[in-house]
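Chemist: Sequence and predicted model, in that order:
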Amino acid sequence: MQKLIVSCGSIVICFFLLLIAVQWLQQRSLKDNLLEKEVLIEALEKRNQAAREEIEHLQDLSYIETLARKYFGLVKPGEITFQVED
């Protein structure tokens, strides 16, 4: 009878240790996942801030003019442009 009680007690203890180990692994996985999401959120916040700044720049006509000259080669009437080839 005593062997049965010891065996049952050992099984219960092993079960609880296994349960604790599984819970610990799940908690660790969730913490790692949370850390990844926080890093992603920080990167997206930086990207949003850069987009907000670009929107502010696009409100400025001189910035738009600079972009038009740089990317589309636009010139004002009567201007002469020179292109230097390397």
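Modeler: On my side now, so go ahead. Nothing here was measured: the structure is a model prediction, and the numbers come from that model. Numbering: from 1, shown residues only.
Chemist: contacts, neighbours, all on C-alpha from now
Modeler: Will do.
Chemist: average pLDDT across the host helix or strand of E42?
Modeler: Assigning secondary structure by DSSP states H and E places E42 in helix 2-57. Looking at helix 2-57 alone, the average pLDDT works out to 95.
Chemist: That helix: how far from the chain's middle?
Modeler: Between the centre of helix 2-57 and the centre of its host chain there is 17 Å, according to C-alpha atoms, centre = their mean, to the nearest Å.
Chemist: how many neighbours does H57 have?
Modeler: 13 (other C-alpha atoms under 10 Å).
Chemist: Then F82?
Modeler: Residue crowding around F82 was assessed by other C-alpha under 10 Å; the count is 6.
Chemist: Could you check how far it is from K46?
Modeler: 38 Å (C-alpha to C-alpha, to the nearest Å).
Chemist: circling back: what are the contacting residues of the next helix or strand after the helix holding E42?
Modeler: Proceeding C-terminally, helix 2-57 gives way to helix 61-72 as the next helix or strand, assigned by DSSP H and E. If you take C-alpha atoms under 8 Å, 6 or more residues apart in numbering as the criterion, helix 61-72 is touched by H57, L58, L74, V75.
Chemist: Could you rerun that using 10 Å?
Modeler: Counting by C-alpha atoms under 10 Å, 6 or more residues apart in numbering, the neighbours of helix 61-72 from elsewhere in the structure are E56, H57, L58, G73, L74, V75, K76.
Chemist: Give me the pLDDT for the closest residue to the fifth one other than its chain neighbours.
Modeler: When you say that, I think you mean L74. Nearest-residue entry for L74: A68, 5.8 Å, with adjacent residues in sequence omitted and distances by C-alpha to C-alpha, 6 or more residues apart in numbering. Looking at A68, its pLDDT is 91.
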